[in-house]
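J.: Quick check, what structure comes out for this input:
(2 chains)
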Amino acid sequence: MASKLTLSNRTGWTFALPGFALIFTFIVLPFFFAIGLSLTNQRLLSPNPTQFVGLENYRQLLGFAVVTLEPERDEAGEVVRDEAGEIQYPRLRAITRSDDYPQYRGMREWFRWQSGENVMVVIARDVVFMKALVNTFLFVLVVAPVQGGLALMLALLINQKLRGISIFRTIYFMPVVVSIVVVSLLWRFIYDGQNGLLNSILQGLSFGLFQPVDWLGDPSTALPAIMAMSIWQAVGFHMVIWLAGLQTISPTLYEAAAIEGASKWQTFRYVTWPGLRNTAVLVLVVITMQGFALFAQIDVMTNGGPRDSTQTLVFQAVERGYGKQDISGGSTISVILFAIVLAISLIQRWLTRER
Amino acid sequence: MAEVSLKGIKKSYGRVDVIKGVDIHINDGEFVVFVGPSGCGKSTLLRMIAGLEEMTEGILEIGGRVVNELQPKERGVAMVFQSYAIFPHMTVRENIAFGLTIAGASKQEKEQKVAEAARILQMEHLLDRRPSQLSGGQRQRVAIGRAITRKPAVFLFDEPLSNLDAALRMDMRMEIGRLRRQLGTTMIYVTHDQVEAMTLADRIVVLKDGQVMQIGAPMELYHEPANRFVAGFLGAPSMNFLTVDVLDLDGEAATVGNRALEPIRVATRRRPFRKDGKAILGIRPQHLRAVQSGKGMLHGVVAHAERLGSETVVDLTLRDDRELIAAFNEDKIFQPGDALELAFDTALAHLFPEEG
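T.: Below you'll find the model as predicted:
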């Protein structure tokens, strides 16, 4: 179909221009903007001129240290204990506010653990960011394998010729079509601590023995609750990707395996799974990226709480950039997130490469 | 090794009957070829023997055992597919050893059997390659290798050579023939290529529309076709069919002729004909001879000639405007428009009733 239109270079570029312009304006430009802003002290609205601060923002976010607290001792050198026999330690602020340790100034406790008589305290310059970082990794580590695995199971189940199988496909896919904001709102009711659906069901099933839990109000259950909901919401999408992968596997390979005497598990192990290698890479990378971008659920359901137990990187980036008008801080988080996702994608590609 | 026996096999998809009652008995060690045009049900029949397809009716026995309800792996069959069906992510070695891996064979046993299969198929140097690095013929040999390592009772081939080019197909055909002599196992082979059928088979089963047309040795089918379909299906170029008038009828022969054909006597082979009715006369192109004017029984004009070197194929227009193909086993020059008179041995001609 060679015509003047398809052969002319200028025509081609003219057609591509709107797309290029949009991508450049809204993706390429902001990307470099973010890197640039992360090296300044830019605020959303500020009377002061912007200054170049180098890597100060990164130091602010990533700075952490481990300090050792030794037990308090009396004159005789004995360890001081309280009435319950607990060892007494000096307060952390004795270090972080001391002029002897200017490098720890402004840092706050992240977590601590006992080491013999001493206590090791990890202090961070930005504890909320650190919690967001850990929560995000935790979210990805749990959601990626569980969501990917469940999606594969569903895909295997619906990849059969059964009457009414398309009804099941539709049902499993339905949550994907619903906006995550709507889903999050609905699940807030499900997770409600007083008479939420989940509590009611669990109570019904246990004949009233189950004590209601405020799923989103308890720091130990809030993040798992959001994980469960997120897995449920997007599992249908990845199921469809797996299904597409399954259908590229030639049926004669299954017939050959059947004639050679392969069991169901052996057929999966030797025919299905190797045939899904490329799909697996895609699904894993997509879930990982979506996991790192966790925002809407947090914004709608918990706002990062309770006690920062559901803080995430993107939520923090938005919170800082717009909530606190700290554009440079938000940009810095975005750049860190980009570096993490890039590194993980490269590692995943390398691990799942064709050998 | 085993006998295979099909008794009253039927297969329907909903209301559509694909196989309409097939009875075939295959002896131990026999090489049987199912042949027929596409859609005749030959592949379906093979897949039912393999257990990949369920039978609607009938009894299937392998080695004297009814296997209707058995899974493919319990039937003791191995199958080679048209699309090779070798596993792309495994090396040749792993592919050949697949059945043994599945059965949990020891490493030593696997190695020994793979080596044996590789030796038989002359592919020792390919063992560590992946299927993507192999040619079509080599891939099919891997598939055959996988089939022979398990020492199955029956080999099933589903158009194994159809994806290969002509030269390779001939090589592989000979290789399968050699393999067959080496192993002596019962083999069932499906093809639409009559040359494969003629060269490989002990017996050929000709199928059409889900029914057996004729079963017999290749030469039996070639020389004594049971009906017009078999006569036309086997042999290339295919048999000429002329509509002729039955002029006279006695016990074992009929006198037939038409405007282009002088009256001749042809054996009726106990087929029913009516005096003054019509009949179909079948003559193989190779049985026709060009003769001097006045000595032939068929009269025509050359329309087109193809010189193949070993053979000359002539397309004639007969006196009654019908077409006839003649094949002469020498290189001869014919010009379009030449008048030609042809003769043939009437004992080699076949007379079929008009409807079938």
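J.: For the rest of this, base every contact and every neighbour count on C-alpha atoms.
T.: OK.
J.: And for the closest residue to chain A within chain B, the neighbour number?
T.: Using CA to the nearest CA, the single residue of chain B nearest to chain A is B:Lys73, 4.4 Å away. Around B:Lys73 there are 18 other residues, counting by other CA atoms under 10 Å in any protein chain shown.
J.: Using just helix, strand and coil, how would you label the spatially closest residue to it that is not a sequence neighbour?
T.: If you skip the residues right next to it in sequence, B:Lys73 has A:Gly261 as its closest partner in space, 4.4 Å away by CA to CA, 6 or more residues apart in numbering or on different chains. Following DSSP: H, G, I helix; E, B strand; the rest coil, we place A:Gly261 in the coil state.
J.: Show me which residues of the stretch 101-250 of chain A sit near chain B.
T.: Residues of the stretch 101-250 of chain A found near chain B (CA under 8 Å from any CA of the partner chain) are A:Ser250.
J.: Quick one: the strands in the stretch 101-250 of chain A, in order.
T.: If DSSP state E, counting those that start in this stretch is used as the criterion, the strands of the stretch 101-250 of chain A fall at A:108-115, A:118-124.
J.: so how far is the last one off the chain centroid?
T.: When C-alpha coordinates are averaged (CA atoms, centre = their mean, to the nearest Å), strand A:118-124 and its chain have centres 26 Å apart.
J.: Quick one: residues contacting B:Ser132.
T.: B:Pro88 (CA atoms under 8 Å, 6 or more residues apart in numbering or on different chains).
J.: now it: how far from B:His89?
T.: From B:Ser132 across to B:His89, the span is 9 Å (CA to CA, to the nearest Å).
J.: Over to B:Gln138?
T.: Here the criterion is CA to CA. By it, B:Gln138 lies 16 Å from B:His89.
J.: doesn't B:Ala303 make contact with B:Phe334?
T.: No - checked against CA atoms under 8 Å, the pair B:Phe334 and B:Ala303 is beyond contact range at 9.4 Å.
J.: mind giving me the domain split of the chain?
T.: As the question left the chain open, I've gone with chain A. According to automatic domain parsing, chain A is divided into the following domains: A:64-124, A:128-351.
J.: Chain B was what I was after
T.: Split into domains by automatic domain parsing, chain B comes to B:4-233, B:240-353.
J.: Helices along chain B, start to end?
T.: Counting by DSSP state H, chain B has helices at residues B:42-50, B:92-96, B:98-103, B:107-120, B:136-149, B:166-183, B:194-200, B:218-223, B:228-233.
J.: for the last one, packing partners?
T.: Contacts of helix B:228-233 with other secondary structure elements, assessed using 3 or more CA pairs under 8 Å, 6 or more residues apart in numbering or on different chains; DSSP states H and E, are made with strand B:211-216, helix B:218-223.
J.: switch the cut-off to 10 Å
T.: Packed against helix B:228-233, as judged by 3 or more CA pairs under 10 Å, 6 or more residues apart in numbering or on different chains; DSSP states H and E, are the following elements: strand B:203-208, strand B:211-216, helix B:218-223, strand B:240-249, strand B:278-283, strand B:350-353.
J.: possible to save the ones you listed as JSON lines with mean neighbour count?
T.: Converted to JSON lines, the helices and strands packed on helix B:228-233 look like this (neighbours: other CA atoms under 10 Å in any protein chain shown):
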{"stretch": "strand B:203-208", "mean neighbour count": "24"}
{"stretch": "strand B:211-216", "mean neighbour count": "19"}
{"stretch": "helix B:218-223", "mean neighbour count": "17"}
{"stretch": "strand B:240-249", "mean neighbour count": "20"}
{"stretch": "strand B:278-283", "mean neighbour count": "22"}
{"stretch": "strand B:350-353", "mean neighbour count": "22"}
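J.: before we move on, back to that, in TSV, list the domains of chain A along with mean pLDDT.
T.: Formatted as TSV, the entries for these read as follows, by pLDDT from 0 to 100:
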stretch	mean pLDDT
domain A:64-124	81
domain A:128-351	88
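J.: Would you mind finding the most buried of the ones you listed?
T.: Among these, judged by mean count of other CA atoms under 10 Å in any protein chain shown, the one packed with the most neighbours on average is domain A:128-351 (a mean of 18).
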